[in-house]
Structure formats: C-alpha cells, structure tokens
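Visitor: what shape does this take:
(chains A and B)
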There are 2 protein chains.
Amino acid sequence: MSFVALDWGTTSLRGALLAEDGRVLEERSAPRGILHLDGASFAEVFEAFTLDWMAVPGRRCLIAGMAGSRQGWVEAPYCACPCGAEDIAQQVVPVVPGRIDMVPGLVDHQSGVPDVMRGEETQILGAMRLTGLREGLFVLPGTHNKWARMADGRVTGFRTFMTGEFYALLSQQSILARTLQADAPLVRQAFLDGVDRARRADSPGLLHLAFGMRALSLFDRLAPAAAASYLSGLLIGDELRAQPLQPGVPVVLVGSPTLTERYALALDSVGVPARLLDAQATWAGAHALWRARQAVG
Amino acid sequence: MSFVALDWGTTSLRGALLAEDGRVLEERSAPRGILHLDGASFAEVFEAFTLDWMAVPGRRCLIAGMAGSRQGWVEAPYCACPCGAEDIAQQVVPVVPGRIDMVPGLVDHQSGVPDVMRGEETQILGAMRLTGLREGLFVLPGTHNKWARMADGRVTGFRTFMTGEFYALLSQQSILARTLQADAPLVRQAFLDGVDRARRADSPGLLHLAFGMRALSLFDRLAPAAAASYLSGLLIGDELRAQPLQPGVPVVLVGSPTLTERYALALDSVGVPARLLDAQATWAGAHALWRARQAVG
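Guide: A predicted model of the protein is given here:
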C-alpha cells in the first residue's frame, strides 16, 4: 500500500507520496518548517499540507526531522548509536496511532560529549539503499554538517560540524566580509588552496587561518572574487582534517549539488572518491523505514 | 626631554605624556578610533586630543596603531620579522617632520600566508622592558589575538587568532546564543573542560566542538550560566593546540586583566606559568622606541 513521507525540518516541510515499492508518485514542499508555522498548530499545518494524500482511508504517514524534537509536534526520543533501520523503526513514536508516526533522531554518546541528528538518519538509510554501500563514511553537508560512520548497515557513530553556520557568520558578519564577494562563483584554485592549508595535521586551526584571508587581501594576494572560495576551502579542509579518510575508499555525499560538488572536489584533492546523492535519498530512507516498520510489526 | 605617545586604534585613542626616563606623567583616552572620527580629519582630532601636551615648543609625538594603516592618517609600511626596537625605530614614518612620527606595524612573511599587526609591536617591546624577558612567547589577547615568538629581544614571528571575534559571533549570532548566558561570570570548571577538549592534538576542531555545546545543553549537561565559559575555553584551548608551549617556561600575557587571567588559567592547566601585564605596556614600549629612535638618529 502507498504511504506518505514527510521531512519536516526547521525551515521547510517536504513531502512525498510513495508507492509500496518505494517509487515517488508525487512530491511537494512548503516553507512551513517548525519555526515557521505562523501561528497554526502542527496538526493544522499537517492537515493542509497532506489533505488529499491522507484522505485515502487507511493511508499512513511517517514524519522525520525536527518535528520530532522537543520544540516539535511530538517528541521522539533519540535512538542511540550504533543503530540501523530496524532499531530506528522500532522506536518510532505514534502521533496519531495507526495513522501518523514520528521517526526518532539519533544520538551518539560514545565520545564523552553527545552528538545528535534529526532527519539525516533517514537520508543516510536512503543513501545506503541507493548506493548499495553498507559501510564507510556518509556525509550530509549543510548548516550543521553530519559525518556518519557506517558498518554492516548501521550508523556506528557520527559527528556534527557547524560548517555552514560558520561560513555564513564569517562571510557576512565578520571583518572578513569586507574582503569577500559572497556571490562570486567557485574559484577552484582558491578553494583547493584553502582546503590544503586547513586539512594538514599540523594546521594552526581556523582561528588563525581565517585571519590569513584578511592578510592575503591586504597584500593583494587574494581577490574578493576568490576570497569566498578560499574561506569555504578552509572550513571544509578543517573538517577533512578530523576524518578517518582512506585513499581510494569512496565517501557518500548527500545534499544539494552545490554543496556536495564542493566536498567531492576537496575529497578528490586527497585521493578520496565520492558518490553524490541529492535530497531524493530522504524518500528512499523513508521507504527503508516503512519496510523495517512492517517487519518489526 | 618628555614626549607624547599615542596608541591610535580602530575604536579608541589613548595617549600619555612620558618623561625622558619613561615615567607616565599624564594619561588620557577618547572614543576616537580611526573609524570614529565623526567627520573630523586626523589632524583635527590629533590637535584637539594633544593640544596642551604639544603646545610645549620642540615636543614630539610617536603614534602607534591603526592610524598607520592604509585607512589611517599616514601609512607606515610594515616592518618585516624578525625585528626589534631598532629595526622598528628606523622605519618610523614622519607625519609632521620633526614633530609627529608614525610607528610601523609588523609583518611575518615566513609561513606562506602573511600575518600583520599594528600597535601590538609597541606593547610587546614594552612587555620585554617590563619583564626583562627577551625570549619566549608573548600573547596579546583581544578581538584579533597575537601570539609572538621572541628571541634575543626581537620578534622572530607571530600568528593572529580571531578568538575574540569568533567568540562574539558564536555567543551572539549563532545557534549557540540560545543556550548561553553571555553575562554570566566565569565558571572555572566549564572553562577548563572546554580548554581540555580543544587543546588536544587529536581535537576534531572548533566546527565540531562548538556544536557539542548545543548537544550538552540538550541533555541538560551544560547550564546556560556555564555555557559561555565552556565556549571561551574551547576557543582558547584551540589556540593553545597550535602553540609551541613548554611546561615551566613562562608566557607573557598583555591586555585587560579579564582576558589575561583567562589565558593564565588555561596555561596553568597545561603546566605553563604566565606573567600578566596590562595596557601600560604600551607606554613602556613607546619609551623603548623613543630611546631606539634617538640612538639611530
């Protein structure tokens, strides 16, 4: 039987009607993230968004994302790593029993400081399905980028990097904003220079490297059109420094092509191939959870 | 003969009347940094600020800081490291010949990416004079923190860290702002936890560690009153990671006591003693340059 999947995040709400076999039958989105309900209740936004889809008797819906957080519709406690589709499916929380279920996020408690994700777990499950890979590194670039380690089809652990948010702050609010043309297209060499400086094991870190951008500009060694690419390279290079990358072993990238192509370029510069997927991975993941949910009852 | 020294920075203007032997006879300051001239010219602000001091026939003035930058009164090109008081004194630039001189900033070209300072060179010379130390690490905490390496009385190289600016951005503009009470007093243990996590050689870096602050808050393991201290510790710890610190070898800290005491606490946690100086070091440095200027003619 076909079902509805929602990815209900902080800023936007995406949905799909999926066939029993996982094919996407219909898809839609709205700027109705959990911080943008404009006074309506979660139930009201849900009804308006899924009205025709959910009008079919017996049809069910699976929701992933921040709608399951403490600030969301119904809190779905985090599922602890290591975990796979079955573990996650077993811990979905009913919003309307027999009709709407909330997918839990993941927590990694293994490093002393906890780390959390919500919504990305579904994309990771979809990326596994779409690539056929059941181990390795899966990366979901964005405001709060996730690097997940997979083994035997389960997320064994993950780390969040505030790369997108740091980029926005530094390029728009810091002293670097003056020397940077934010809307310039990617300048490949400047980007790779940034990656190379930041990814080294003896890197002095972003606090220093970011200032170097300003100093390079002072001496006319970095044009405003290239500066944004250099900064982006520094941030992504700093992320790479912390990853267990192995030359020749592919990394899976899931997200908007603008971002995943950048990461692929950075990874290529250190001999690591990448497989790129877009947000459609969400629906493959929702289907994997749907199947696992049926299997666990 | 007595002389006038100015530290003319971006946001403020500080001045002192110094005796031939370096004693501070008078001191004053105004919120008239080079970005806050309010339509007046540099000459006009200078005259108003130093009127009585400069009315004495033959009296001279030495200016350090951003007033010597491209956006300042008269550009004084950077003096290249390694350099000491004599090198800097030889490269002062006359603003009004025989009356007003501009101290050059320093540039370190030795690491591939240039690094620059303006004003801090004078504080470093003063700190050498006041401590009697002519080698080691000299640190000037602030918005753009400088770590200078000294040998044989000269600055052999230095690195800038945007610690103060990152702290302001993250604590006020980022997602972390919600979980942080910015005006809370220092919580020693939270600060040292942050230092310890970030200073390790295998640190995953600030992009990840900063997000950990949010995750700790989510699980009620970091109170808002302690979160600002933890973030401050992460940033300072990340700086320490990049420094050639040696247990037992003192580091000289120059700046506001609020900041230098924090750095001293962080350094103490890794067995490094500190000597703390405040902004008075500027006047000792100006005196050192005055003497060196007389020696070089």
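
Visitor: can you pull out the strands in chain A?
Guide: Here chain A has its strands, by DSSP state E, at A:3-8, A:13-18, A:24-30, A:61-64, A:79-80, A:93-96, A:100-102, A:106-108, A:115-117, A:136-140, A:145-151, A:154-161, A:251-254, A:274-277.

Visitor: out of those, indicate the one that is most buried.
Guide: Highest mean neighbour count among the strands of chain A (mean count of other C-beta atoms under 10 Å in any protein chain shown): strand A:61-64, with a mean of 26. Placement of C-beta: from N, CA and C, glycine included.

Visitor: need the residues of the stretch 1-150 of chain A near chain B, please.
Guide: Residues of the stretch 1-150 of chain A lying close to chain B by C-beta under 8 Å from any C-beta of the partner chain are A:70, A:112-116, A:144-145.

Visitor: hmm, 6 Å instead?
Guide: Listed as neighbours of chain B in the stretch 1-150 of chain A under the rule C-beta under 6 Å from any C-beta of the partner chain: A:113-116.

Visitor: give me the neighbour count for the nearest residue in space to A:A210 that is not next to it in sequence.
Guide: Sequence neighbours aside, B:M162 is the residue nearest to A:A210 in space, at 5.4 Å (criterion: C-beta to C-beta, 6 or more residues apart in numbering or on different chains). Around B:M162 there are 26 other residues, counting by other C-beta atoms under 10 Å in any protein chain shown.

Visitor: what sits against B:M162?
Guide: Counting by C-beta atoms under 6 Å, 6 or more residues apart in numbering or on different chains, B:M162 touches A:207, A:210-211, B:144.

Visitor: how about TSV for these, with pLDDT, neighbour count and distance to B:L218 added?
Guide: Listed next are the contacts of B:M162 as TSV, based on pLDDT from 0 to 100; neighbours: other C-beta atoms under 10 Å in any protein chain shown; distance: C-beta to C-beta, whole Å:
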residue	pLDDT	neighbour count	distance to B:L218
A:L207	98	25	26
A:A210	97	26	28
A:F211	97	25	32
B:H144	95	20	32
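
Visitor: so which of those are in helices?
Guide: A:207, A:210-211 (DSSP state H).

Visitor: now the residue nearest to A:A210: how far from A:F166?
Guide: For B:M162, the distance to A:F166 (C-beta to C-beta, to the nearest Å) stands at 11 Å.

Visitor: before we move on, what about A:M150?
Guide: A:M150 is 26 Å from A:F166, by C-beta to C-beta.

Visitor: pull the helix or strand with minimum mean pLDDT from chain A.
Guide: In chain A, no helix or strand scores lower on mean pLDDT, DSSP states H and E than helix A:281-296, which sits at a mean of 94.

Visitor: tell me which strands and helices it is in contact with?
Guide: On a contact count with 3 or more C-beta pairs under 6 Å, 6 or more residues apart in numbering or on different chains; DSSP states H and E, helix A:281-296 meets strand A:3-8, strand A:13-18, helix A:85-90, helix A:120-131.

Visitor: how about those in TSV, adding distance to B:R200 and mean pLDDT?
Guide: As requested, these are arranged in TSV below (distance: least, C-beta to C-beta, whole Å; pLDDT from 0 to 100):
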stretch	distance to B:R200	mean pLDDT
strand A:3-8	36	98
strand A:13-18	39	98
helix A:85-90	31	97
helix A:120-131	27	98
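
Visitor: can you put those in TSV and add distance to A:L267?
Guide: Converted to TSV, the helices and strands packed on helix A:281-296 look like this (distance: least, C-beta to C-beta, whole Å):
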stretch	distance to A:L267
strand A:3-8	26
strand A:13-18	27
helix A:85-90	26
helix A:120-131	15
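
Visitor: ok, back up a step: quick one: pLDDT of the residue nearest to A:A210?
Guide: B:M162 is assigned 97 on the pLDDT scale.

Visitor: how much space separates it from A:R214?
Guide: 9 Å.

Visitor: what angle do the least confident helix or strand of chain A and strand A:136-140 make?
Guide: Inter-element angle recorded for helix A:281-296 and strand A:136-140: 120 degrees (by axes from the mean of the first three to the mean of the last three C-alpha atoms, to 10 degrees).

Visitor: surely A:E165 touches A:T143?
Guide: Yes - applying C-beta atoms under 6 Å, one finds A:E165 in contact with A:T143, separated by 5.1 Å.

Visitor: more neighbours: these two, which one.
Guide: Set A:E165 next to A:T143 and count neighbours by other C-beta under 10 Å: A:E165 wins out with 22 against 15.

Visitor: what sits against the more buried one?
Guide: A:143, B:174.

Visitor: again with A:I63
Guide: The contact partners of A:I63, by C-beta under 6 Å, 6+ apart, come to A:6, A:8, A:102.

Visitor: pLDDT below threshold where in the stretch 151-297 of chain A?
Guide: A:297 (pLDDT under 70).

Visitor: what's across from the nearest residue to A:V251 once chain neighbours are set aside in the sheet?
Guide: Take A:V251 and drop its neighbours on the chain: the residue closest to it by C-beta to C-beta, 6+ apart is A:L137, 4.6 Å away. A:L137 has these beta-bridge partners by DSSP bridges: A:R149.

Visitor: ok, A:L137 touching A:L253?
Guide: No - using C-beta under 6 Å, A:L137 makes no contact with A:L253, being 9.4 Å away.

Visitor: quick check: the gap between the residue nearest to A:A210 and A:A40.
Guide: 42 Å.

Visitor: over to A:V270?
Guide: Distance, A:V270 to A:A40, using C-beta to C-beta: 47 Å.

Visitor: and the residue of the stretch 1-150 of chain A that's closest to chain B?
Guide: Closest residue of the stretch 1-150 of chain A to chain B, C-beta to the nearest C-beta: A:V113 (4.0 Å).

Visitor: that residue: how many residues sit nearby?
Guide: 20.

Visitor: quick check: it touching B:M213?
Guide: No - if you go by C-beta under 6 Å, A:V113 and B:M213 don't touch, sitting 8.5 Å apart.

Visitor: quick check: bridge partners of A:L276?
Guide: Going by DSSP bridges, A:L276 forms beta bridges with A:L253.

Visitor: ok, so what distance separates it from chain B?
Guide: 22 Å (C-beta to the nearest C-beta, to the nearest Å).

Visitor: check A:D196 too.
Guide: 10 Å.

Visitor: do A:A274 as well
Guide: 19 Å.

Visitor: what's the burial count for the nearest residue to that residue once chain neighbours are set aside?
Guide: In space, and not counting its chain neighbours, A:A274 is closest to A:A264: 4.1 Å by C-beta to C-beta, 6+ apart. A:A264 is flanked by 19 other residues according to other C-beta under 10 Å.

Visitor: likewise A:A201?
Guide: Using other C-beta under 10 Å: A:A201 sits among 7 other residues.

Visitor: same deal with the one 4 residues further on?
Guide: Residues within reach of A:G205, counting by other C-beta under 10 Å, total 21.

Visitor: what does stretch A:97-116 rub up against?
Guide: Stretch A:97-116 is contacted by residues A:60-64, A:68, A:74, A:76, A:78-81, A:91-95, A:117-118, A:121, A:157-160, B:212, B:215-216, B:219 when judged by C-beta under 6 Å, 6+ apart.

Visitor: report the distance from it to the chain centre.
Guide: 14 Å (C-alpha atoms, centre = their mean, to the nearest Å).

Visitor: for stretch A:272-283, same thing?
Guide: 10 Å.

Visitor: now tell me what touches that stretch from outside.
Guide: Against stretch A:272-283 from outside (C-beta under 6 Å, 6+ apart): A:5, A:7, A:16, A:18, A:24, A:122-123, A:126-127, A:130-131, A:245, A:250-254, A:260, A:264, A:267.

Visitor: check stretch A:255-270 too.
Guide: Here stretch A:255-270 has contacts from A:140-142, A:192, A:195, A:236, A:251, A:253, A:274, A:276, using C-beta under 6 Å, 6+ apart.

Visitor: quick one: residues contacting the spatially closest residue to A:V252 that is not a sequence neighbour.
Guide: The shortest distance from A:V252 to any non-neighbouring residue, by C-beta to C-beta, 6+ apart, is to A:F138 (4.6 Å). Going by C-beta under 6 Å, 6+ apart, A:F138 touches A:124, A:127, A:148, A:150, A:252.
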